[in-house]
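Colleague: no letters, just coordinates:
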């Protein structure tokens, strides 16, 4: 039975949340100083930080609705959100490299965005990720050492004290998975059997070198999901200068010349224009952000011309560079049923497919129930079992987004293009082989009856399994990348090239996908964006 959390603080927060979300109904202003589009992992941070200055008016627009639902708040129910009204419901096109399969590409829709429907993992990324971002941006403030300072500042860490890596006074409640399952501890023991080091937590030394294994860090507080919306925005909804507008879809950005002056939205079936005196910040994720850019006339001139959209700014990188962590479910049957604990994903491991690598290129999240793909389910799945959700941390394959017409409500054509690069198949084979070594290690013997899939496959048979088993980690990013080359969409300050008053702050700006789950890096992107906006406007 799930406990309903009803402390006085929570009751007060619920009251203030209701009042805050009723304000727009009482009278939406024609203009705000800042409009933030998307109340997800990054947008929530941007809106909360900008509204700290009472002299500015901030509007936070969200296409989805409230996060007040058990499927959101109960950590065990996160799978129920996939394919629901809280999911954008994106689908990739059929992929010949996945045996013709068309994968669902779930992304969060509602207050909190992905941080309200994901598995609550807090993974900061590897040192090399952030140093690469800094090199691409030409700005050391994106580098690992600078970002580590931000992580310490924003965390409220509940594990063993580690002041060099962890903070204790920030808004983001981070805790190790509470009372992990025996299968999670077996994962760490299996790693040690194979010579892979284990760590007290996964967000310190472990992600500065070749990797390792640890009990997962989670955004769960008092047994309830603690999304980034709940960390940043919900506690401050009583600020009179912050308006949160839900169930409102952003269609396009409005311009005067090459300056963004507002947004066009659809609310209750009506198209409205809302002005922005200072800036518009797009934080709608790797699908919606480039889509809105293209419908606003910003993108590749050939692509826009193909569907008849006039070009405002030619930026060929918009919608390109699509990346995601592709994963393959290897499943073992329990000897005796073990009920999942916490979110059902309590142990994580990063490691290398080749000894000569200096940083991990493999990502493993243990899931305490069977997770087959649409195809591998036909191979037979045990009623009780666990899955090694094993994937590529740094895939070489890149996809692309295309418009299907001039109507902003028309769906995107998503060419995810997973496993299109031959090197990704070689890495995937190494990934599955290491996965099987871990799952068949001595540490698991008391807990499992045996391996359910894939079994000892080799050659073309193993490749076929990998193409059938591949699914997304739901870490889509990269489609409006930060950088200084011709395919870059934003500069190091997250300003859209050739446009004034428009920034992007979400996973779409990542030049490459982070090594690990992406919500923690998106919080950093939000913090960096807010700081740069405040600096520009002297706030």
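Modeller: Received, thanks. Keep in mind that this is a model prediction, so the values were computed, not measured.
Colleague: where in the chain is pLDDT low?
Modeller: Counting by pLDDT under 70, the chain has low-confidence residues at 1-26.
Colleague: can you tell me the SS state at the residue nearest to residue 368 when sequence neighbours are not counted?
Modeller: In space, and not counting its chain neighbours, residue 368 is closest to residue 340: 4.0 Å by Cβ to Cβ, 6 or more residues apart in numbering. Just so you know, the C-beta spots here come from the backbone N, C-alpha and C atoms, and that holds for glycine as well. Three-state call for residue 340 (DSSP: H, G, I helix; E, B strand; the rest coil): coil.
Colleague: what residues are up against residue 340?
Modeller: Contact partners of residue 340, counting by Cβ atoms under 8 Å, 6 or more residues apart in numbering, are 76, 181, 368-369.
Colleague: ok, now residue 160?
Modeller: 200-201.
Colleague: which helix or strand contains it?
Modeller: When elements are defined using DSSP states H and E, residue 160 is found to belong to no helix and no strand.
Colleague: kindly provide the distance from it to residue 311.
Modeller: 55 Å (Cβ to Cβ, to the nearest Å).
Colleague: likewise residue 103?
Modeller: 31 Å.
Colleague: how far away is the residue nearest to residue 258 when sequence neighbours are not counted from residue 313?
Modeller: Nearest non-adjacent residue to residue 258, counting by Cβ to Cβ, 6+ apart: residue 499, 5.5 Å away. Separation of residue 499 from residue 313 (Cβ to Cβ) stands at 6 Å.
Colleague: now do residue 229 against residue 410, distance only.
Modeller: For residue 229, the distance to residue 410 - Cβ to Cβ - is 28 Å.
Colleague: which other helices and strands contact the helix or strand hosting residue 533?
Modeller: Secondary structure from DSSP H and E places residue 533 in helix 519-537. Where contact means 3 or more Cβ pairs under 8 Å, 6 or more residues apart in numbering; DSSP states H and E, helix 519-537 is packed against helix 43-50, helix 144-154, helix 228-232, strand 270-282, strand 502-504.
Colleague: ok, which of the ones you listed comes nearest residue 320?
Modeller: Of all the helices and strands packed on helix 519-537, strand 502-504 sits nearest to residue 320, with 14.3 Å by Cβ to Cβ.
Colleague: now for that closest one, which elements pack on it?
Modeller: strand 270-282, helix 519-537.
Colleague: contacts for it?
Modeller: In contact with strand 502-504 (Cβ under 8 Å, 6+ apart) are residues 253, 260, 279-283, 289, 480, 489-490, 493-496, 529, 532-533.
Colleague: next secondary structure element downstream of the particular helix or strand that has residue 387 in it?
Modeller: Under the criterion of DSSP H and E, residue 387 resides in strand 385-392. Counting by DSSP H and E, the element after strand 385-392 in chain order, helix or strand, is strand 400-402.
Colleague: residues near residue 197, how many?
Modeller: 15 (other Cβ atoms under 10 Å).
Colleague: nope, residue 38 is what I was after
Modeller: 29.
Colleague: I'd assumed residue 259 was in contact with the residue nearest to residue 258.
Modeller: Yes - when contacts are counted by Cβ atoms under 8 Å, residue 499 is listed as touching residue 259 (7.4 Å).
Colleague: would you map the helices across this protein?
Modeller: 8-26, 43-50, 70-73, 127-137, 144-154, 182-193, 228-232, 285-295, 301-307, 422-439, 459-469, 519-537 (DSSP state H).
Colleague: tell me the contacts of residue 523?
Modeller: 41-42, 45, 154, 172, 228.
Colleague: likewise for residue 316?
Modeller: 299-301, 486-487.
Colleague: could you rerun that using 6 Å?
Modeller: residue 300 (Cβ atoms under 6 Å, 6 or more residues apart in numbering).
Colleague: now residue 420: closest residue in space, sequence neighbours ignored.
Modeller: residue 397 (4.5 Å).
Colleague: number of residues surrounding that neighbour?
Modeller: With other Cβ under 10 Å as criterion, residue 397 counts 21.
Colleague: surely it is in contact with residue 416?
Modeller: No - the pair residue 397 / residue 416 is not scored as a contact, 8.4 Å apart, by Cβ atoms under 6 Å.
Colleague: quick check: residue 91 vs residue 247, distance?
Modeller: 23 Å.
Colleague: could the helices and strands packed on strand 502-504 be laid out in JSON lines, adding distance to residue 233?
Modeller: Listed next are the helices and strands packed on strand 502-504 as JSON lines, based on distance: least, Cβ to Cβ, whole Å:
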{"stretch": "strand 270-282", "distance to residue 233": "14"}
{"stretch": "helix 519-537", "distance to residue 233": "11"}
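Colleague: return the most buried member of those.
Modeller: Each of these was scored by mean neighbour count; the highest is helix 519-537, a mean of 23, by mean count of other Cβ atoms under 10 Å.
Colleague: quick check: angle from it to strand 270-282?
Modeller: 90 degrees (axes from the mean of the first three to the mean of the last three Cα atoms, to 10 degrees).
Colleague: off-centre distance for helix 519-537?
Modeller: Mean-position distance between helix 519-537 and its chain equals 16 Å (Cα atoms, centre = their mean, to the nearest Å).
Colleague: residue 418 contacts residue 328, correct?
Modeller: No - between residue 418 and residue 328 there is no contact under Cβ under 6 Å: 10.9 Å.
Colleague: these two: who's more crowded?
Modeller: Set residue 418 next to residue 328 and count neighbours by other Cβ under 10 Å: residue 418 wins out with 29 against 26.
Colleague: residues contacting the more buried one?
Modeller: Contacts of residue 418 (Cβ under 6 Å, 6+ apart): 326, 397.
Colleague: returning to what we had before: which one's more surrounded, residue 229 and residue 410?
Modeller: Between residue 229 and residue 410, counted using other Cβ under 10 Å, residue 229 has the larger neighbour count: 29 against 13.
Colleague: the helix holding residue 533 vs helix 127-137, what angle?
Modeller: Using the same axes, to 10 degrees: helix 519-537 against helix 127-137 is 30 degrees.
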